[in-house]
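# test case, fold it:
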Amino acid sequence: MKTVVLDGHAVNPGDLSWDWLAETGEYTVYDQTLREEIIERAINADHIITNKVVFDKEIFDKLPNLKYIGLTATGFNIIDTEYAAEKGVVVTNVPAYSTESVAQHTFALMLELMTRPALHDESVKEGKWANNSYFCYWLTPQIEISGKTLGIIGGGQIGMRVVKIAKAFGMKTLVYGKTMKPGRSTLEEVLQKSDIISIHCPMNKDTDKLICKETIAKMRDGVYIINTARGGIINEEELAIALREGKVAGFAADVISSEPPQNTNPLILAPNTIITPHLAWATHEARSRLMDGVRNNLLGFISGNVQNKVN
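Prediction:
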């Protein structure tokens, strides 16, 4: 049997190990694979491991030996899972490995929006404090999150972990999820009543550009929005307009619609915007859990004990 890792650098830039793949037979690890390189590299593979390489009908039809795709991720929208099933290819993911890290990053973004410590640190190092006639100063409004209402779109494990942390900060919380469990709110309530909205839902046909001109109009003036889910959930042009007009006071995201971004992305230069390069999941602890999950999924498939199958 042969296993090919197409974009191993995503999960393992060098601080983890792929040596366990020897348990599966012959293996090859590539740091990154372009679409035009997929067939040449994977033509003889029984198992593929990938993070962001797209597998559609065209690719599946050219890989007759393929039996398994193991995602080094939770999301699986890059795979045509229905066609994979038709071709007899099992697809697995690794759920919940990044819950703690993404929740932590959500609050890093939130606190940066509220108090801008990085901006003030930069100003101190530029000499502005040393040359100030007062003992203190602030360049942006300083906002206390205690008592604020945090609206969460997405009631899965990450969203509910964010709820728990928010309560420790003294925040009120509203949660909208696909499944309306007791105590949860409608989307309308989250939009209308939240001071801060944090997005934790999957990207699908129902959430594509969910945050747009129409939904922003229902939000409070001066709302803050945080997105650590998927960039496509935001209509970026319409949000950029709302930021320029002041309807949205600030936006922070770890994801955008096209990654890496184009210079033309309207959010890159929008006011009061903080964007990090899709790193919320990337703590060493989370990636170690992810690697363990990838290993267990593949070895389980080989032994006939398939787990975390998504198709």
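# who does the spatially closest residue to residue 194 that is not a sequence neighbour bridge with?
In this structure, residue 194 finds its nearest non-sequential neighbour in residue 151, 3.0 Å apart by CB to CB, 6 or more residues apart in numbering. Where C-beta positions appear, they are placed from N, C-alpha and C, glycine not excepted. For residue 151, the beta-bridge partners are residue 174, residue 197 (DSSP bridges).
# thought residue 151 was touching residue 191?
Yes - assessed by CB atoms under 8 Å, residue 151 is found in contact with residue 191 at 7.2 Å.
# what is in contact with the two at once?
Counting by CB atoms under 8 Å, 6 or more residues apart in numbering, the shared contacts of residue 151 and residue 191 are residue 197.
# any idea how far the residue nearest to residue 194 lies from residue 231?
Residue 151 is 19 Å from residue 231, where distance means CB to CB, to the nearest Å.
# out of these two, which sits in the busier spot?
residue 151 (26 against 20; other CB atoms under 10 Å).
# all helices of the stretch 201-311 of the chain, in order?
In the stretch 201-311 of the chain, the segments counted as helices under DSSP state H, counting those that start in this stretch are 213-217, 236-245, 284-303.
# what are the ranges of the helices in the stretch 51-200 of the chain?
For the stretch 51-200 of the chain, applying DSSP H, counting those that start in this stretch gives helices covering 57-61, 81-86, 99-115, 117-125, 157-168, 187-193.
# neighbours of residue 239, how many?
25.
# my guess is it meets residue 250, correct?
No - using CB under 8 Å, residue 239 makes no contact with residue 250, being 11.1 Å away.
# hey, what's in contact with both of the two?
residue 225.
# the residue nearest to residue 194 and residue 225, how far apart?
10 Å.
# can you tell me the closest non-neighbouring residue to residue 43?
residue 63 (6.6 Å).
# list the residues that contact residue 308.
92-95, 293, 297.
# how does it look with 10 Å?
70-71, 74, 91-96, 293-294, 296-297, 300-301 (CB atoms under 10 Å, 6 or more residues apart in numbering).
# run a quick neighbour tally on residue 248.
Around residue 248 there are 26 residues (other CB under 10 Å).
# same check, this time on residue 15
For residue 15, using other CB under 10 Å, the count is 8.
# thinking again about what came up before, hang on, isn't the residue nearest to residue 194 packed against residue 196?
Yes - using CB atoms under 10 Å, residue 151 is in contact with residue 196, at 7.0 Å.
# for residue 140, see how far away the residue sitting furthest away from the middle of the chain is.
Ranked by distance from the centre of the chain (CA atoms, centre = their mean), the top residue is residue 133, with 43.5 Å. For residue 133, the distance to residue 140 (CB to CB) stands at 20 Å.
# do residue 246 as well
Relative to residue 140, and taking CB to CB, residue 246 is found at 14 Å.
# mind listing what the residue most central in space within the chain touches?
With distances taken as CA atoms, centre = their mean, the residue of the chain nearest its centroid is residue 229 (4.0 Å). Residue 229 makes contacts with 75, 102, 106, 153-154, 156, 158-159, 198-203, 207, 210, 253-255, 280, as judged by CB under 10 Å, 6+ apart.
# in the chain, where is pLDDT below threshold?
For the chain, not a single residue meets the criterion pLDDT under 70.
# follow-up on the earlier one: can you redo the helices of the stretch 201-311 of the chain as TSV with distance to residue 12?
TSV is the format used below for the helices of the stretch 201-311 of the chain (distance: least, CB to CB, whole Å):
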stretch	distance to residue 12
helix 213-217	38
helix 236-245	31
helix 284-303	7
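# out of those helices, which comes closest to residue 110?
Closest to residue 110 of the helices of the stretch 201-311 of the chain is helix 236-245 (CB to CB; 16.4 Å).
# now do that closest one: distance to the chain's middle.
21 Å (CA atoms, centre = their mean, to the nearest Å).
# could you list the buried residues of it?
Neighbour-count burial for helix 236-245, counted by 16 or more other CB atoms under 10 Å, picks out 236, 238-243.
# same question, stretch 288-302
In stretch 288-302, counting by 16+ other CB under 10 Å, buried: 289-291, 293-298, 300-302.
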